[in-house]
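this one's sequence-less:
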DNA sequence: ATAATACTCTACTAATATTGTCAAGTATTT
DNA sequence: AAATACTTGACAATATTAGTAGAGTATTAT
């Protein structure tokens, strides 16, 4: 249950490949595709979406390829996934326009909402920089555990917020 | 993205209905189905699975129905969902028998692993009792934020663990 | 006994979303 | 002008989910 789409996974991996080279020469689709065993055609779709979302820029012609539009610490995993797969919506009730009319609706609805916000908070707090530093996740865990924040805008969605209140923490 | 199956959602709601009556008379499928606008046949599948997992017991004959096998505080949402939808596996790489051979594999793999453990921790810490008390989620958040634990076995998977180390926290 | 109530089991189908391919075209640089 | 690389949109294959159907088994009240 709760599977992440391959599109989202490939997208993150592709962004990671591009970030590796940052700042520097554009990264060609062919190169990314080779490193990940994904077809060029499929990757084109994915990168095209990411470009339209403003996360990457493309350079045409020989020697062309893709570049990050922002610094790695300014691009969160959450942004990448939302760009490709749309917003996190664990249940239909999370959609604004769908009322939860049943008696217990509010209870379970609150549950899913809290979980969704928790997940979003995690994904928004994690950036490409964290992936690049390699010790990223472990280190970040330490930082957060010790109430020290990493750099970048992602801190505003930091894990400290998860349990502060219902209905405000997520992005 | 990251949708929860309706099966899992219905299952949690059904368990909630049964828990409401606990301890007391068995709850008939027909009643649960009526309260949730789900077909009896579909609910039968779901309850049957939950029964085989040992979360509920059934009583046959007139006046029969379903009962909780344990106390509400001893049944976590995570158990219910795992029973119905299998283990949380955000990516294929989370499956033990699938190697991550690529260069960056370890980095993204760690990311998904950390997220998965975070989700499981949340779901395992939340019990039917929390749903029953109604103020459950808000209150629980306060408790956890203030380092006070609620009763029940769920505390061992409490949110404090999420960032302690990689690869050990989840259930 | 037997009828009513309620759970059990398995197979199957319909709908939906994901995943990925294909082909033709457009832009840029050497 | 040729090579390289990105762009676009339609489409097909596959997998999963969601839900139905129907025949059967067990239990209890009368």
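Thanks, I have it. It should be emphasised that the depicted structure is a prediction, and the values quoted were computed from it without experimental measurement. Numbering: from 1, shown residues only, chains lettered A, B, ... in the order given.

Which positions in the helix or strand harbouring residue A:49 come out as buried?
Counting by DSSP states H and E, the element that carries residue A:49 is helix A:40-52. By neighbour count on 16 or more other C-beta atoms under 10 Å in any protein chain shown, the buried set for helix A:40-52 is A:43, A:46, A:47, A:49, A:50. In this view, the C-beta of every residue, glycine as well, is placed from N, C-alpha and C.

where does chain A have low pLDDT?
Low-confidence segments of chain A (pLDDT under 70): A:94-105, A:135-171.

and it, which residues reach DNA strand C?
Contacts of chain A with DNA strand C, taken as C-beta under 7 Å from any atom of the strand, map to A:3, A:5-7, A:10, A:38-39, A:41-42, A:44-45, A:59-64, A:85.

Just the buried ones from those residues, in PyMOL syntax?
The buried residues among the residues of chain A next to DNA strand C can be selected in PyMOL (16+ other C-beta under 10 Å) with this line:
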select buried, chain A and resi 3+7+10+38+85
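
Among the residues of chain A next to DNA strand C, which are located in helices?
A:6, A:7, A:10, A:41, A:42, A:44, A:45, A:85 (DSSP state H).

Please identify the buried residues of the lengthiest helix in chain A?
Looking across chain A with DSSP H, the single longest helix is helix A:105-125. Residues of helix A:105-125 classed as buried by neighbour count (16+ other C-beta under 10 Å): A:107-125.

Then stretch A:81-93?
By neighbour count with 16+ other C-beta under 10 Å, stretch A:81-93 contains the buried residues A:81, A:82, A:83, A:84, A:85, A:88, A:90, A:91, A:93.

still on that earlier bit, in JSON lines: the ones in helices among the residues of chain A next to DNA strand C, plus distance to residue A:131.
Shown next, in JSON lines, are those (distance: C-beta to C-beta, whole Å):
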{"residue": "A:6", "distance to residue A:131": "18"}
{"residue": "A:7", "distance to residue A:131": "18"}
{"residue": "A:10", "distance to residue A:131": "14"}
{"residue": "A:41", "distance to residue A:131": "25"}
{"residue": "A:42", "distance to residue A:131": "21"}
{"residue": "A:44", "distance to residue A:131": "23"}
{"residue": "A:45", "distance to residue A:131": "22"}
{"residue": "A:85", "distance to residue A:131": "18"}
